[in-house]
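Here is the input, now give the coordinates:
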Amino acid sequence: RAREELEARVEERMADLRYANQQLQLEVIEHKVTEAKLSESEERFRLLAEFAPFCIALRNQYGEIEYLNPRFVEVFGYTLSDIPTEERWFKKAFADRQYRESLWKEWQKFLLDHSETGVAEDHTVRVRCKDGRYKMTRVRSVTVEKGRFLFCFEDVTDQLKAEEERARLAIVIEQASELVILTDLEGCIQYVNLAFEKTTGYTRGDVIGTLLPEFGKNDDGVPLEPGLLETLKRGDAWRGHLAGKTKQGGNYEVEATFSPIRGISGEIVGLASVQRDVTNEILLEKQLRQSQKMEAIGTLAGGIAHDFNNILAAIMGYTEMSLNMIPKGSLAQLNLDQVLKAANRAKDLVRQILLFSRRGEQERQPLIMASSVKEALKLLRASLPATVEIRKTIGIGPDCLIMGDPTQIHQVMLNLCTNAAHAMKENGGVLEVELAEDVLDVADLPPEPDLKPGPYLRLTVRDTGHGMEKDVLERIFEPFFTTKDPFEGTGMGLAVVHGIVKRHEGFIRVFSEKGEGTVFHVFFPKVASAEAPGDMESRVVTKGHGRILFVDDEEALTRLAQEMLESLGYKVTVVRDGVEALGRFEARPDEFDLVITDYTMPKMTGLELAGEVLRIRPDIPVILCSGYSQAVSEEKIKEMGVREFVLKPIRVHEIAEIIARLLNST
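A predicted model of the protein is given here:
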């Protein structure tokens, strides 16, 4: 029985052992399956890592680098032997100590916070490669298991360079001097640069989402630029000249290029326009044409003035001589006085025409403002519309003078009154011109250093036109700024006025409201009364004696000169040809005390004759006469030794004083 019990226990133990062995075999099988699966998983990871397009590194819990994929070695050049630990990686990859310490500090913080699980945010770092080059790299860290981390590196150097290039290109476009406009396929604006805002006055908010005007239609439904959109949709570029209105109502003109924008696959996805502002260039071209026109007018005026002044010289000379032959107070004297006054007005008119046709600064002289304004209004009346009524109020006397350039004062009047008339061209109105005297103290003057307190003459030009908005009023003196339609104005008129007034040490005040008209107050410093141009008939004619050679190709003037000079007591030899006059002088140079010659003569000019005469007798006084002041420069006359240059027509008392002075000085 004991044997049976022993055998039963042995059998029971054997059954336990068999069961345990079976369980062990099952566990071995399961372990092998697990190992196979792990091996398969590792193989899949290896294949994924080996052929991944980005860099992969695996770091264990001891800070050692266990694995680097081929892409890592290809991009950075480092192998496992180069960077066996993370410390070695940090030292090699981040050469700058301060930069390395900053990154190491961030990495240590991540280890504390994510030692068991977690994914770090992407960081872009600058990595030094084995060959010394630097690459911008985006890094992500993932906790695989406790203490083990997987690093993924993506080389974004080219991507960042492209982004920087795009950013630079965007800055260039934004800050370009040309207008840049981007639209969709239908011309709806998607982008404009700063130059567009500056030129047009419209902001991005004003225009983005709106249709570019060139793609629109007028009130009749007709396209503003026919065929433009179709041309661009076909893939062709368009070039042309465009004009537009600014937000403030001004005009601008551009040379524009429209081009289609193509996408990656070549399809047209939008439209681009680059426009160069040529407003100033066009205005300068107009100014040049105007300058050339004025130069031609000046040349023509010079020729006309010479002939006309010769005619006036005969009229005025014979009239003055006749006045000396008839009783004072007689009807004949009164009639001849009127002839002389009319001739004087004609003389002044010719002089004004010459002044207006000249360029450059003229010598300033005491000016009777009242006379200048009256004369300017006479000239303006014919050019202003009949619907504009002129009212003038002259509140100053002939003793109110300024130091001024007659041409430029006329220009101020012309520009102000023309502007005023333009403001009333639609409905007509009243143009008021007033002259008054004001005494200004420091508080009344603008804060400009050249202005001084004291008496000023105020020229006021007032119109009843449409007036100006505040933003327009602030810019009226800017060169080329204009609210007129193209070809109606250059934008230089008021800029010229401002420049002239400033050069005359004056200033301007302007008042205007929309619909209420405009008032210009122009202030010029008043000067002390002095002898100013006026009637000279009351002067005493100076007589004398001496021998005069008078040369002029006009028969009427030679006859007049002989009678006039002989009546003054001189012995006169008249010659109508420069060559003949030189022959006579060469034959007997000591028979003459003074030579008077016209400038414009056939065969030999007066200047050439004067040169030859002075070569023979350098001491003899020579007077050169001309009907045109710009026929010869005063510098050249003085260099040659000519004593006086006299403009025709010559008054009796003027030539008498000059001759007496020259002969007495010798």
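
What helix or strand is the residue nearest the centre of the chain located in?
For the chain, N280 is the residue whose C-alpha lies nearest the centre (Cα atoms, centre = their mean; 6.0 Å). Element membership for N280 (DSSP states H and E) is helix 279-323.

What helices and strands are in contact with that helix?
On a contact count with 3 or more Cβ pairs under 8 Å, 6 or more residues apart in numbering; DSSP states H and E, helix 279-323 meets strand 251-262, helix 331-357, helix 555-567, helix 652-665. Just so you know, the C-beta spots here come from the backbone N, C-alpha and C atoms, and that holds for glycine as well.

Let me know the next secondary structure element after the longest one.
Going down the chain from helix 331-357, the next helix or strand is strand 365-368, by DSSP H and E.

Check which residues of that next one are buried.
Buried residues in strand 365-368, counting neighbours by 16 or more other Cβ atoms under 10 Å, are found at 367-368.

tell me what that strand is packed against?
So strand 365-368, by 3+ Cβ pairs under 8 Å, 6+ apart, packs with strand 401-404, helix 406-423.

From S273, how far out is P589?
P589 sits 78 Å away from S273, going by Cβ to Cβ, to the nearest Å.

and what of D444?
From D444 to S273 the distance is 51 Å (Cβ to Cβ).

out of these two, which sits in the more crowded spot?
For D444 versus S273, the count of surrounding residues by other Cβ atoms under 10 Å is larger for S273: 24 against 12.

Is the more buried one in a helix, a strand, or coil?
Three-state call for S273 (DSSP: H, G, I helix; E, B strand; the rest coil): strand.

give me every residue that touches it.
179-183, 212, 256-259 (Cβ atoms under 8 Å, 6 or more residues apart in numbering).

Same check on L457?
The contact partners of L457, taken as Cβ under 8 Å, 6+ apart, are 369, 396, 400, 402, 435-438, 523-526.

What distance do you get for it to D399?
11 Å.

what does L212 give?
Between L212 and D399 the distance is 63 Å, computed by Cβ to Cβ.

Looking at the two, which is more packed in?
Neighbour count, other Cβ under 10 Å: between L212 and D399, L212 has more, with 21 against 12.

My understanding was that that one contacts I189; is that so?
Yes: taking contacts as Cβ atoms under 8 Å, L212 lies within contact range of I189: 5.7 Å.

Are there residues contacting both of the two? Which ones?
Counting by Cβ under 8 Å, 6+ apart, the contacts common to L212 and I189 are 181, 183.

what's around Q61, how many residues?
Other residues close to Q61 by other Cβ under 10 Å number 11.

from memory it sits against G147, does it?
Yes: the pair Q61 / G147 is scored as a contact, 2.6 Å apart, by Cβ under 8 Å.

Correct me if wrong, but E106 is in a strand.
No: under three-state DSSP, E106 sits outside any strand and is assigned helix.

who's in contact with it?
Shown in contact with E106 (Cβ under 8 Å, 6+ apart): H123.

what's the pLDDT at it?
Model confidence at E106, given as pLDDT, is 87.

Check G221 too.
In this model, G221 is scored at 51, pLDDT.

So in the protein, which helix runs the longest?
In the chain, assigned by DSSP state H, the helix with the most residues is helix 2-51.

Now do the helix or strand that comes right after that one: distance to the chain's middle.
Following helix 2-51 in sequence order, the next helix or strand is strand 55-59 (DSSP H and E). Averaging C-alpha positions (Cα atoms, centre = their mean, to the nearest Å) puts strand 55-59 62 Å from its chain's average.

Paired strands for strand 55-59, with orientation please.
Sheet pairing of strand 55-59 (DSSP bridges) gives strand 65-68 (antiparallel), strand 148-155 (antiparallel).

Do you know the pLDDT at the residue lying closest to E255 once chain neighbours are set aside?
Of all residues not flanking E255 in the chain, R276 sits nearest, at 4.8 Å (Cβ to Cβ, 6 or more residues apart in numbering). Looking at R276, its pLDDT stands at 93.

Number of residues surrounding R276?
Neighbours of R276 under the rule other Cβ under 10 Å: 15.

show me what contacts it?
Taking Cβ under 8 Å, 6+ apart, we find R276 in contact with 178-179, 254-256.

could you redo the last one with a cut-off of 7 Å?
178, 254-255 (Cβ atoms under 7 Å, 6 or more residues apart in numbering).

On the secondary structure side, give me the element for R168.
Assigned by DSSP H and E, R168 falls within helix 157-175.

Pull out the buried residues from that helix.
I173.

cool, stretch 233-252 as well?
Within stretch 233-252, the residues scored as buried using 16+ other Cβ under 10 Å are 238, 242, 244, 250-252.

swap in stretch 395-405?
Residues of stretch 395-405 classed as buried: 396, 400-402, 404-405 (neighbour count, 16+ other Cβ under 10 Å).

For the longest helix of the chain, give the mean pLDDT please.
Averaged across helix 2-51, pLDDT comes to 72.

mind putting the buried residues of stretch 233-252 in TSV, pLDDT included?
Compiled in TSV, the buried residues of stretch 233-252 are given as follows (pLDDT from 0 to 100):
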residue	pLDDT
W238	88
L242	86
G244	84
G250	81
N251	84
Y252	88
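
If the nearest residue to E654 once chain neighbours are set aside is in a bridge, with which residues?
Leaving aside its sequence neighbours, E654 sits nearest to V646 (Cβ to Cβ, 6+ apart; 7.3 Å). Going by DSSP bridges, V646 is paired in beta bridges with C625.

V646 is in contact with G627, isn't it?
No: checked against Cβ atoms under 7 Å, the pair V646 and G627 is beyond contact range at 10.5 Å.

quick one on the thing from earlier: what does the helix holding R168 rub up against?
Under the contact criterion Cβ under 7 Å, 6+ apart, helix 157-175 has outside partners 135-136, 180, 193-194.

now do stretch 605-616
In this structure, residues lying in contact with stretch 605-616 by Cβ under 7 Å, 6+ apart are 551, 578, 581-582, 585-586, 589, 595, 597-599, 620, 622, 624, 632, 640-642.
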